[in-house]
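Enquirer: give the three-dimensional model of this entry:
(one chain, ligands or ions: 1)
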Amino acid sequence: MDIKSVIAQMTLEEKASLLSGLDFWHTKPVERLGIPSVMVSDGPHGLRKQDDQADHLGVNESIKAVCMPTACASAASFDRDVLRQIGEAVGDACQHERVAVNLGPAVNIKRSPLCGRNFEYFSEDPYLAAELATSIVKGIQSRNIGVSVKHFAANSQENRRMSSDSIVDERTLREIYYPAFESAVKDGRAWTVMCSYNRLNGEYASQHRQLLTDLLRGEWGFDGYVVSDWGAVSDRVKGVHAGLDLEMPASGGTNDKRVVDAVRAGQLDEKDVDLAVERILTIHQRYLDNARPDTPWDMEAQHQLSRRLAAECMVLLKNEDGVLPIRSGEKIAVIGKFAREPRFQGGGSSHINCFRIESLMDALEGTEGVAYAQGYDIVTEEPDEALIAEAVEAARKADKAVIIAGLPDAFESEGYDRTHMRMPKCQVELIRRVSQANENTIVVLYNGSPVEMPWIGCAKAVIEGYLGGQAVGGATKDVLFGDVNPCGRLPESFPHQLEDNPSYLTYGGEGDVAVYSEGVFVGYRYYDRKKMDVLFPFGYGLSYTTFAYSNLRLSAQSITDQDELTVSVDVTNTGAAAGKEVVQLYVGDRESTVFRPVRELKGFEKIFLEPGETKTVTFTLGKRAFAYWNVQLHDWHVESGVFAIEIGRSSRDIALSCEVSVSSTTEIPVRFTVDSIFDDLMKSPKAMAKLAPLIDSVKRSMGFGGESEAASAAISNEMMEAMIRYMPLRTVGSFSGGAMSYDQLSALVDAINEA
Ligand code: BGC
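Expert: Numbers count the residues shown, from 1 in each chain. Model prediction:
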């Protein structure tokens with residue numbers, strides 16, 4: 001199809017009709033011109049394809065599909081390849097089911113543990129989120145299925161999600177909230193982007209031209225279409241001009257008519273309409289040219305894949321006395337409703353109708369020496385004495401007690417935020433009581449977001465399983481018994497208590513105003529700067545083996561911000577089991593004129609090592625690894641100086657570190673005025689060339705270096721120096737007794753600026 005010539009043949013009404021959906025999941029056709037309707041469907045940890053009675057809240061059944069580990073879990077793999085494989089599996093399902101675009105990944109930043117959709121999001125860290133998002137994008141699109149990177153942008157809460165206004169400063173957006181989108185677009189070449197429901201700094205994302213056109217297309221080179229989140233459109237005409245191409249779902253024709261009327265009334269340029277149509281048809285065609293409904297969808301094979309990948313995502317948080325792995329022949333009591341009915345995905349639009357669910361008890365079928373007790377119920381938070389007694393009894397008779405706990409569905413979901421970080425009371429009580437009966441108590445958690453663990457001292461081992469997809473039970477068994485050596489790492493900090501979280505004071509907003517007041521200090525960027533103790537830090541996770549780091553080396557001791565720096569480190573498996581280690585590289589600016597985090601993740605690699613084996617891991621760092629967003633330049637900027645290069649097991653466990661000196665090639669232009677203070681002027685050689693004599697005379701006139709004892713006792717030279725530093729240039733006029741007039745000073749400033 002020659003898209004431009006097809007558009008030329010279309011009436012304005014036909015064009016406008018293409019800018020909104022036919023129904024919940026389909027775009028409109030224009031049969032006269034051979035333009036078909038295509039289908040989009042939710043994901044991205046599986047395919048949620050609905051047919052007839054479409055709704056988007058997960059109430060109506062969708063077709064049977066396979067649920068892979070959800071984003072909270074897959075992020076814990078710290079493994080780009082895991083995300084790529086999930087993407088490929090979902091892409092195959094979409095091809096098989098004639099779905100052109102899978103509506104994911106959701107890449108918003110985990111600003112608070114309370115966000116109801118955290119289970120769909122990757123991380124509190126923008127680099128990790130960006131790398132993983134880009135990998136799943138590449139995986140899905142390798143099957144010629146489009147993605148929709150969502151929810152663009154700054155949509156980190158569910159509270160009043162369709163009206164709230166995220167107030168976020170420019171630097172924070174660039175450094176924290178944009179990078180995952182930026183990378184998915186620039187490196188992943190995402191076919192579509194979904195704008196969010198919320199407003200950003202006063203304007204709905206769905207009609208935010210700066211966001212959807214200037215940034216997304218102008219700067220990042222996005223060439224696909226922007227689709228609205230379902231129902232996110234406020235002013236459709238404004239939206240078309242802003243760069244919102246496709247409104248979903250259907251608008252019942254009303255917005256199509258508004259678009260037509262606006263063009264006729266001269267309020268909207270028809271070229272904007274043409275452009276949106278062209279983008280939509282381009283993406284349709286990209287899919288249609290490569291549609292392969294004969295692609296096999298082997299659900300059983302995908303189930304096995306889901307199990308393998310879920311095991312890669314589990315994070316071993318604690319393992320005292322090597323209580324894990326469970327050895328063969330040991331009697332175990334498996335306790336908890338989730339051992340039979342696992343929680344493995346979250347509620348809302350990403351909910352998959354699984355063709356099969358594998359619980360831990362399913363996976364243990366046929367294993368000798370396993371007893372089961374339910375322990376708690378999920379319909380109530382209140383402890384049930386009978387259930388607890390039964391669990392305690394089972395635990396007493398076993399060598400080890402494994403409690404499968406976590407958050408019930410009602411605790412976290414799309415559409416609302418949590419109000420606290422606690423686990424249900426009945427589970428906390430159960431863990432306490434079981435651990436009194438059996439000192440080898442192991443807790444496995446299935447939850448989408450961090451929880452407080454007041455019971456942590458009761459458990460010898462803890463595994464964070466997150467929401468691991470439909471085969472989570474099999475994966476749990478593999479890790480518990482050591483068939484898989486745990487290798488997940490926390491993609492987010494676990495604070496001791498909710499109140500420690502940096503967004504705690506303002507999260508959720510006042511009415512519709514949600515000020516992201518902690519700025520760039522999200523997650524570990526805050527905890528590390530504050531030196532605040534956390535329950536488990538970002539990047540943390542144990543293994544059944546141990547790893548040693550050595551030989552950290554850099555390709556250069558000093559570079560410019562245009563150079564690349566290569567960092568290498570040797571990693572050795574010093575334990576007895578084969579296993580995977582996640583090598584994390586952090587960069588920190590030792591001294592900076594802007595507030596910066598102590599360290600920021602700028603590289604990670606997951607490697608497999610046999611016992612005794614050593615591998616060299618190499619990272620390449622470019623300008624972005626050292627830069628912050630400069631709001632004067634509106635660009636990335638590296639301040640000259642010394643940077644720490646740290647190799648860590650987590651943000652709190654730095655194994656090796658060294659320094660590199662980086663020099664900036666960009667000068668930040670400064671323009672002085674008579675209101676400029678001496679402190680700033682004195683940093684500028686060209687200003688000092690003209691001002692040195694003047695400063696001396698100011699010092700003299702203020703008695704600087706005076707011999708009078710009384711004067712020096714009352715005010716030291718240092719104090720005087722400091723006072724002068726913060727004086728504006730214009731004060732010279734008054735302090736010099738009229739020797740320098742305001743006009744003379746103005747002329748001096750002009751001369752400095754022109755020098
Ligand atoms: C969600 C999106 C989802 C869409 C379609 C919205 O409510 O925010 O993530 O893709 O519905 O189901």
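
Enquirer: I believe His241 is in a strand; please confirm or correct that.
Expert: No - under the criterion used here (DSSP: H, G, I helix; E, B strand; the rest coil), His241 is helix, not part of a strand.

Enquirer: okay, and the residue nearest to it when sequence neighbours are not counted sits in which element?
Expert: Closest residue in space to His241, ignoring its immediate chain neighbours: Asp272 at 5.2 Å, by CB to CB, 6 or more residues apart in numbering. No exception for glycine: its C-beta is placed from N, CA and C like everyone else's. Asp272 is part of helix 270-288, with elements assigned from DSSP states H and E.

Enquirer: counting contacts, what elements does the helix or strand that comes right after that helix pack onto?
Expert: Of the helices and strands lying after helix 270-288 in sequence (DSSP H and E), the nearest is helix 299-313. Helices and strands touching helix 299-313, as assessed by 3 or more CB pairs under 8 Å, 6 or more residues apart in numbering; DSSP states H and E, comprise helix 71-76, helix 80-96, helix 472-480.

Enquirer: ranking those by burial, who's on top?
Expert: Mean neighbour count (mean count of other CB atoms under 10 Å) peaks for helix 71-76 among these, with a mean of 31.

Enquirer: mind putting the helices and strands packed on helix 299-313 in CSV, mean pLDDT and distance to the ligand included?
Expert: Shown next, in CSV, are those (pLDDT from 0 to 100; distance: least, CB to the nearest ligand atom, whole Å):
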stretch, mean pLDDT, distance to the ligand
helix 71-76, 98, 12
helix 80-96, 98, 14
helix 472-480, 98, 22
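
Enquirer: what is the end-to-end distance of stretch 29-36?
Expert: The straight-line separation of the ends of stretch 29-36 (CA to CA, to the nearest Å) is 5 Å.

Enquirer: for stretch 605-620, same thing?
Expert: Using CA to CA, the two ends of stretch 605-620 sit 12 Å apart.

Enquirer: in it, what counts as buried?
Expert: Glu605, Lys606, Ile607, Leu609, Lys615, Val617, Phe619 (16 or more other CB atoms under 10 Å).

Enquirer: what's the most distant pair in the residues you listed?
Expert: Leu609 and Phe619 (17.4 Å; CB to CB).

Enquirer: buried ones in the helix holding Asp272?
Expert: Here helix 270-288 shows 270, 272-281, 283-284, 286-287 as buried, counting by 16+ other CB under 10 Å.

Enquirer: how about stretch 505-520?
Expert: Thr506, Tyr507, Gly508, Gly509, Ala514, Val515, Tyr516, Glu518, Gly519, Val520.

Enquirer: now the helix holding Asp272: average pLDDT?
Expert: Helix 270-288 comes out with an average pLDDT of 98.

Enquirer: cool, and stretch 580-593?
Expert: 97.

Enquirer: okay, it in PDB with CA atoms only?
Expert: C-alpha atoms of stretch 580-593 as PDB (Å, rounded to 0.1, in the frame of the first residue of the first chain):
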ATOM      1  CA  LYS A 580      25.100 -17.000  38.400                       C
ATOM      2  CA  GLU A 581      26.300 -13.700  39.700                       C
ATOM      3  CA  VAL A 582      25.000 -10.300  38.800                       C
ATOM      4  CA  VAL A 583      27.900  -7.900  38.500                       C
ATOM      5  CA  GLN A 584      26.800  -4.400  39.100                       C
ATOM      6  CA  LEU A 585      28.600  -1.200  38.200                       C
ATOM      7  CA  TYR A 586      27.900   2.000  39.900                       C
ATOM      8  CA  VAL A 587      29.200   5.500  39.100                       C
ATOM      9  CA  GLY A 588      29.400   8.400  41.600                       C
ATOM     10  CA  ASP A 589      30.500  11.900  41.200                       C
ATOM     11  CA  ARG A 590      32.900  12.600  44.100                       C
ATOM     12  CA  GLU A 591      32.200  16.300  44.000                       C
ATOM     13  CA  SER A 592      29.500  18.200  42.300                       C
ATOM     14  CA  THR A 593      27.800  21.600  42.200                       C
END
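
Enquirer: can you confirm Arg649 is in a helix?
Expert: No - applying three-state DSSP, one finds Arg649 to be strand, outside a helix.

Enquirer: that one: neighbour count?
Expert: Other residues near Arg649 number 21, with proximity taken as other CB atoms under 10 Å.

Enquirer: got it, and Leu535?
Expert: 18.

Enquirer: could you find the closest non-adjacent residue to it?
Expert: Leaving aside its sequence neighbours, Leu535 sits nearest to Phe494 (CB to CB, 6+ apart; 4.4 Å).

Enquirer: again, but for Asp79
Expert: Closest to Asp79 by CB to CB, 6+ apart is Lys606, at 4.6 Å.

Enquirer: check the secondary structure at Cys426 for me.
Expert: Following three-state DSSP, we place Cys426 in the helix state.

Enquirer: also Ile140?
Expert: Strictly by three-state DSSP, Ile140 counts as helix.

Enquirer: which ones are touching the residue of the stretch 401-550 of the chain found nearest the ligand?
Expert: At 6.5 Å from the ligand, Glu414 is the closest residue in the stretch 401-550 of the chain, using CB to the nearest ligand atom. If you count contacts by CB atoms under 8 Å, 6 or more residues apart in numbering, Glu414 has them with Leu57, Gly58, Gly116, Arg117, Glu120, Glu158, Gly346, Gly347, Gly348, Ser349, Ser350.

Enquirer: domains for this structure, by residue range?
Expert: Annotated domains of the chain cover 3-289, 300-530, 547-663, 678-754 [automatic domain parsing].

Enquirer: between those domains, which gets nearest to Gly541?
Expert: Per CB to CB, nearest to Gly541 of these: domain 300-530, 4.0 Å.

Enquirer: just send the domains of the chain back as JSON lines, with distance to Gly541 too.
Expert: Listed next are the domains of the chain as JSON lines, based on distance: least, CB to CB, whole Å:
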{"stretch": "domain 3-289", "distance to Gly541": "8"}
{"stretch": "domain 300-530", "distance to Gly541": "4"}
{"stretch": "domain 547-663", "distance to Gly541": "7"}
{"stretch": "domain 678-754", "distance to Gly541": "45"}
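
Enquirer: confidence-wise, which of those is weakest overall?
Expert: Looking at the domains of the chain, the bottom one is domain 678-754 with a mean of 80.

Enquirer: endpoints of that one, how far apart?
Expert: In domain 678-754, first residue to last residue: 18 Å (CA to CA).

Enquirer: kindly report the same for stretch 379-392.
Expert: Using CA to CA, the two ends of stretch 379-392 sit 21 Å apart.

Enquirer: what's that stretch in contact with?
Expert: Contacts of stretch 379-392 (CB under 8 Å, 6+ apart): 333, 335, 373-377, 401, 403, 424-426, 429-430, 433-434, 436-437.

Enquirer: cool, stretch 256-269 as well?
Expert: Contact partners of stretch 256-269, identified using CB under 8 Å, 6+ apart, comprise Leu12, Glu13, Ala16, Ser17, Leu19, Ser20, Arg236, Val237, Val240, His241, Glu270, Val273.

Enquirer: so the third one sits against Val273, correct?
Expert: Right, Ala16. Yes - using CB atoms under 8 Å, Ala16 makes contact with Val273 at a distance of 6.4 Å.

Enquirer: now the residue of the stretch 301-450 of the chain found nearest the ligand, what are its backbone angles?
Expert: The ligand sits closest to Ser349 of the stretch 301-450 of the chain, with a gap of 3.5 Å, by CB to the nearest ligand atom. Main-chain torsions, Ser349, degrees, to the nearest 10: phi -70, psi -10.

Enquirer: equivalent analysis for Glu385, please.
Expert: Note on Glu385: backbone dihedrals following degrees, to the nearest 10 are phi -60, psi -40.

Enquirer: please list the residues of the stretch 251-400 of the chain that sit near the ligand.
Expert: Ser349 (CB under 6 Å from any ligand atom).

Enquirer: again with the chain
Expert: Counting by CB under 6 Å from any ligand atom, the chain comes close to the ligand at Asp42, His56, Leu103, Lys150, Asp229, Trp230, Ser349.

Enquirer: ok so, going back, and of the buried residues of stretch 505-520, the nearest to Phe78?
Expert: Set against Phe78, the nearest of the buried residues of stretch 505-520 by CB to CB is Val520 (21.8 Å).
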